[in-house]
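J.: Pasting the sequence and the predicted model now:
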Amino acid sequence: MPEESAEERLARAVKTDDGFFATFFVSSYSPHIVRWCAHRGFSPHMVTVLSMLFGVLAAGFFAVGVQWALVVGAVLIQVSFTLDCVDGQLARFTRQTSLSGAWLDALFDRIKEFLIYAGLAYGATRTGAEAQIWMLAVGAMALQSVRHTTLSSFNTRPAEVGLFGAQTAGVGVWIRRVIPFPIGERFLIVTVTAVAWGAHVTFAVLIAWGLVGLAWTTGGRVLRTAT
């Protein structure tokens, strides 16, 4: 068989089982960043660390609380998420995938997400929101912790996640990938709602959609385990 070309390898580096936002928005331009990083000797670990740094910066701007800082924080979240997609694509493109890279990526995802929640809550209290906003923030963090615990303790292919089995194509498969509320959709919700309506709406949507996602994935796993 002929050796795979760089362009073919780059196309294959993009995950086919990612979330809707990551697939149709971020992955439309992320391969160009992957190629740029590969040509300049960036390692996947370096990109993972950069993603973490942008996430921390986003949390810091959210903690300021004023409108302009929320806008900057929202932009930084999207930069962080883009790099979060790039690191895995770069690892597959350059054949540098590793267990340590996957672990670091997952660890930093959780840390920066919770820092962003905390920064948003802190910024809201600085600009007049009642202290109870922290209850919503902690509730969102606790819910994500439960969801990630159940996810890590059940081995399944992503396409199988949900109540009604797997689909191979069509609108249904994308609906089934959105319902579990993956990180791309969570960061998109934070980006839009924090700027437009504030922290209360952000945490309310995170909790409500997170509960639906937890019920969806847990219900599907219980049914498959029973059969």
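T.: Perfect, I can see it now. Numbers count the residues shown, from 1 in each chain.
J.: hey, let's count contacts and neighbours off CA atoms from now on
T.: Fine.
J.: ok, now which ones touch the residue nearest the centre of the chain?
T.: The geometric centre of the chain, computed from its C-alpha atoms, lies nearest to residue 183 (C-alpha atoms, centre = their mean), at 2.3 Å. By C-alpha atoms under 8 Å, 6 or more residues apart in numbering, the contact set of residue 183 is empty.
J.: What's the separation between it and residue 25?
T.: 14 Å (C-alpha to C-alpha, to the nearest Å).
J.: cool, residue 177 as well?
T.: Residue 177 is 15 Å from residue 25, by C-alpha to C-alpha.
J.: more neighbours, the two?
T.: residue 177 (21 against 12; other C-alpha atoms under 10 Å).
J.: Now that one: which helix or strand?
T.: helix 171-178 (DSSP states H and E).
J.: pLDDT of that helix, averaged?
T.: Averaging pLDDT along helix 171-178 gives 88.
J.: so how far is that helix from its chain's centroid?
T.: Relative to its parent chain, helix 171-178 has a centroid offset of 17 Å by C-alpha atoms, centre = their mean, to the nearest Å.
J.: State the next helix or strand along the chain beyond that helix.
T.: helix 183-196.
J.: low-scoring pLDDT stretches of the chain, where are they?
T.: 1-2, 153-169, 227 (pLDDT under 70).
J.: how much space between residue 54 and residue 202?
T.: For residue 54, the distance to residue 202 - C-alpha to C-alpha - is 20 Å.
J.: Mind checking which of those two has more residues around it?
T.: More neighbours surround residue 202 than the other of residue 54 and residue 202, with 25 against 21 (other C-alpha under 10 Å).
J.: Apart from its neighbours in sequence, what residue is nearest the more buried one?
T.: Distance criterion C-alpha to C-alpha, 6 or more residues apart in numbering; nearest residue to residue 202, sequence neighbours excluded, is residue 193 at 5.3 Å.
J.: residues contacting that neighbour?
T.: With C-alpha under 8 Å, 6+ apart, residue 193 has these contacts: 199, 201-202.
J.: try 10 Å this time
T.: Shown in contact with residue 193 (C-alpha atoms under 10 Å, 6 or more residues apart in numbering): 74, 187, 199-203, 205.
J.: how about the nearest residue to residue 56, chain neighbours excluded?
T.: Closest to residue 56 by C-alpha to C-alpha, 6+ apart is residue 112, at 6.1 Å.
J.: Spell out which helix or strand contains the one you found, please.
T.: Applying DSSP H and E, one finds residue 112 within helix 99-126.
J.: so that helix versus helix 183-196, what angle?
T.: 20 degrees (axes from the mean of the first three to the mean of the last three C-alpha atoms, to 10 degrees).
J.: Thanks a lot, catch you later.
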